[in-house]
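1. no sequence for this one, just the structure:
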């Protein structure tokens, strides 16, 4: 395989996206204030999202509770969201799970709150 | 109003494949984890978009462009993602720089060589545009 071929393959990888750009566009358009999206912006966002998925999966797996090296579980993800600054924006949708009784107990321990 | 992220999901099969490619062989991914990652990806798109559109607003544009997306990535501290994306930007910037350079260059020989490279890269650029149009 010549050097040129290898370069082409790498170049193709960079340009190739697996996620459907039409779907990504749909999500982007649901955001307020977005009138138009430049084609390259759509491509870059789609590509970034793929890289994000890889990063989230791998980071969560690496910093996972260590119980099972052969699996990635929801709690690994919730852990990553809480512990990593990069994934802070995910804490609302990836909350840690606690037992109901523990939650109820923590409610009892809260001080009286004034008007918020 | 923005819809809930759950209503704007990315295809499961593709998400699963991307996850599998990122993890070592043989690692099982629970269904719950897969769904959570998919939702996280949708939220990521929304977050990146709203971040990017702020940059566009500052520049008084209504169209989100590539520069806005790159700026959003930096703002979100996803430098990680910038490297592969930068490669693409860099190759296009190189092309622009070469164009500028060839205008001021005194040496004819090197200008000829640069034009050759320029023509090759331009062809690649054109092909890319065609691909994108077809997708639309």
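-> That came through, no problem. If you're wondering where the values come from, they're calculated on a predicted model, not measured in any experiment.
2. Hmm, residue A:82 is touching residue A:91, no?
-> Yes: look at residue A:82 against residue A:91 with C-beta atoms under 8 Å: they come within range, at 6.1 Å. Yep, even glycine has a C-beta here, placed from its N, CA and C like the rest.
3. neighbours around residue B:62, how many?
-> Residue B:62: 11 surrounding residues under other C-beta atoms under 10 Å in any protein chain shown.
4. Which elements pack onto the lengthiest helix in chain A?
-> Among the elements of chain A assigned as helix by DSSP state H, the one spanning the most residues is helix A:39-62. The contact analysis (3 or more C-beta pairs under 8 Å, 6 or more residues apart in numbering or on different chains; DSSP states H and E) places helix A:39-62 against helix A:21-29, strand A:71-72, helix A:74-83, helix B:12-22, helix B:31-58, helix B:66-75, helix B:79-104.
5. What average pLDDT does the next helix or strand after the third one get?
-> Just to be clear, that refers to helix A:74-83. Of the helices and strands lying after helix A:74-83 in sequence (DSSP states H and E), the nearest is helix A:100-109. Here the mean pLDDT over helix A:100-109 is 88, rounded to a whole number.
6. hang on, residue A:69 is in a helix, isn't it?
-> No: judged by DSSP: H, G, I helix; E, B strand; the rest coil, residue A:69 forms no part of a helix; its state is coil.
7. Spatially nearest residue to it (excluding sequence neighbours)?
-> Beyond its immediate neighbours in the sequence, the residue positioned closest to residue A:69 (C-beta to C-beta, 6 or more residues apart in numbering or on different chains) is residue B:27, lying 7.8 Å away.
8. wait, the one you found sits on residue A:61?
-> Yes: using C-beta under 8 Å, residue B:27 and residue A:61 qualify as a contacting pair, with a distance of 6.6 Å.
9. Between those two, which has more neighbouring residues?
-> For the pair residue B:27 and residue A:61, the greater number of neighbours falls to residue A:61 (22 against 16), based on other C-beta under 10 Å.
10. Please report how far that one lies from residue B:22.
-> Applying C-beta to C-beta, to the nearest Å, the value for residue A:61 to residue B:22 is 8 Å.
11. Mind listing the shared neighbours of the two?
-> Taking C-beta atoms under 8 Å, 6 or more residues apart in numbering or on different chains as the contact rule, residue A:61 and residue B:22 touch no residue in common.
12. Give me the below-cutoff pLDDT ranges for chain A.
-> Applying pLDDT under 70 to the predicted model, the residue ranges of chain A that meet it are A:1-14, A:65-67, A:112-116.
13. Next, the buried residues of stretch A:22-34.
-> Taking 16 or more other C-beta atoms under 10 Å in any protein chain shown as the neighbour-count basis, stretch A:22-34 is seen to contain the buried residues A:23, A:24, A:25, A:27, A:28, A:30, A:31, A:34.
14. Actually, stretch B:72-90.
-> B:72, B:73, B:76, B:78, B:81, B:85, B:88.
15. Lowest-confidence one in those residues?
-> Of all those, the model is least confident about residue B:88, whose pLDDT is 62.
16. low-scoring stretches of chain B, by residue?
-> Along chain B, segments meeting pLDDT under 70 span B:1-7, B:80, B:87-94, B:96, B:104-136.
17. again, only this time at 90
-> Confidence mapping of chain B against pLDDT under 90 gives the ranges B:1-8, B:62, B:77-136.
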